[in-house]
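Asker: pasting a predicted model and its sequence here:
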Amino acid sequence: MPWFVYIVRCRDGTLYTGATNDLARRVAAHSAGKGARYTRSRAPVVLVWSRRKRDKPSALREEYRVKQLSRAEKLVLVTPKRRGR
């Protein structure tokens, strides 16, 4: 079963990183104030980045790697790449 590593932008502009095997359900839970404690008071959230992983261990390794990034590095990660002319 595939897993996902994701970043959501909270109402206050902060970023939250997580991992799940059901991305739509998890983002909906965050937005409903039933997700992680961090996002409960910062709902609603918007999904700004996600990556599919083949299994839970690889997703958790990627989640850890992303959580080690600075806010500036995460903002680069979530900013859509512009294609050349």
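Answerer: Alright, I've got the coordinates. Model, not experiment: these values are computed from the prediction.
Asker: go through the longest helix anywhere in the chain and flag the buried ones.
Answerer: Ranked by number of residues, the top helix in the chain under DSSP state H is helix 56-67. Neighbour counts over helix 56-67 (16 or more other CB atoms under 10 Å) mark 59, 62-63, 66 as buried. Every C-beta, even on glycine, is put in place using the N, C-alpha and C of the backbone.
Asker: quick one: residues contacting the residue nearest to A32 when sequence neighbours are not counted.
Answerer: Leaving aside its sequence neighbours, A32 sits nearest to A43 (CB to CB, 6 or more residues apart in numbering; 6.9 Å). Residues in contact with A43 (CB atoms under 8 Å, 6 or more residues apart in numbering) are 10-11, 30-33, 35.
Asker: these, buried ones only, as a PyMOL selection?
Answerer: This is how PyMOL selects the buried members of these, with burial counted by 16+ other CB under 10 Å:
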select buried, resi 10+30+31+35
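Asker: chain center to the helix or strand of the chain with the lowest mean pLDDT: distance?
Answerer: One helix or strand of the chain scores below all others by mean pLDDT, DSSP states H and E: helix 37-40, with a mean of 91. In this view, helix 37-40 has its centroid 13 Å away from the chain centroid, taken as CA atoms, centre = their mean, to the nearest Å.
Asker: dump that helix to PDB, restricted to CA.
Answerer: Provided in PDB are the C-alpha atoms of helix 37-40 (Å, rounded to 0.1, in the frame of the first residue of the first chain):
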ATOM      1  CA  ARG A  37      -2.600  18.800  18.000                       C
ATOM      2  CA  TYR A  38      -0.400  21.400  16.100                       C
ATOM      3  CA  THR A  39      -3.000  21.900  13.400                       C
ATOM      4  CA  ARG A  40      -6.100  21.800  15.600                       C
END
